[in-house]
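Novice: have a look at this prediction, sequence included:
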Amino acid sequence: MKKGIKYTVWAVIVLALAFNSIYFKKLSEVKASDKKFDAVAYAKGLYAKLPSVTDKAITLDQLVNEVNADKAKAFSDYGHALAIGSTRFFMVKGSGVVKEINESDVLLTTAGGNDVSIATEFVFGNAVRDASGQVNLNDFSNTVDLSNISSEVDKIIRAQVLPAFKAAVKKGDKVDFTGAIELNQEHLNLGEVELMPVSLNITPQVASK
């Protein structure tokens, strides 16, 4: 009799443990967790937001002035980054006259006398993604998705912004630009800033009579 009670108790314990180890999820939750991140769609959405970001962007000449006046404040006020460190990305706008046309870039000189190199060949990296200020690191569970966003945004720029610009630009043209630049607070070099373009508009040079 005691033996039977003992087996019954053990059976109850085993059943209780088995029951507590089983949990149920809604089918919609399972499907949501299995859904693959669509970097292409996300990048298109991010790129569509960029005009509202660049409209409010600081001019390159003003940023250079503010960095020279108070580097720490300028980095804090205008810089963005998803990672910790001294590197920050800035969305800027401005205009300049074409000084040189090279194989992989176009060099402008702004009204404020600053040189800016517009990347026309090697448009890669996180500059536009991070400078936009529209991407929150906490919204992503892995760095692969974040990297894919940058890659897809850069593809859009290479396909939609650069071909027409490269085909038309000439030395002496005035170019209105928006785009992202990368600066390192600890190793600052404002001598020739490289810009990853978001928009480029040319005013052709006027031939002298």
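Specialist: Now that the structure is in, tell me what you want to look at.

Novice: dihedrals phi and psi, the residue nearest in space to the middle of the chain?
Specialist: Centroid-nearest residue in the chain: residue 129, 0.7 Å away (criterion: CA atoms, centre = their mean). Note on residue 129: its backbone torsions stand at phi -60, psi -50 [degrees, to the nearest 10].

Novice: tell me if I'm right that it and residue 156 touch.
Specialist: No. With contacts counted by CB atoms under 8 Å, residue 129 stays clear of residue 156, the gap being 11.4 Å. Glycine gets a C-beta too; all of them are placed from N, C-alpha and C.

Novice: now tell me which helix or strand of this structure has the poorest mean pLDDT.
Specialist: None of the helices or strands of the chain scores lower by mean pLDDT, DSSP states H and E than helix 27-34, at a mean of 46.

Novice: which elements pack onto the next helix or strand after that one?
Specialist: Heading C-terminal from helix 27-34, the first helix or strand you meet, by DSSP states H and E, is helix 39-55. Secondary-structure packing of helix 39-55 (3 or more CB pairs under 8 Å, 6 or more residues apart in numbering; DSSP states H and E): strand 87-101, helix 143-160, strand 174-184, strand 193-203.

Novice: what comes up buried for helix 39-55?
Specialist: With burial defined by 16 or more other CB atoms under 10 Å, the residues of helix 39-55 counted as buried are 39, 42-43, 46-47, 50, 53-54.

Novice: check contacts around residue 159.
Specialist: Neighbour list for residue 159: empty [criterion: CB atoms under 8 Å, 6 or more residues apart in numbering].

Novice: any figure for the gap between it and residue 43?
Specialist: Going from residue 159 to residue 43 by CB to CB, to the nearest Å gives 12 Å.
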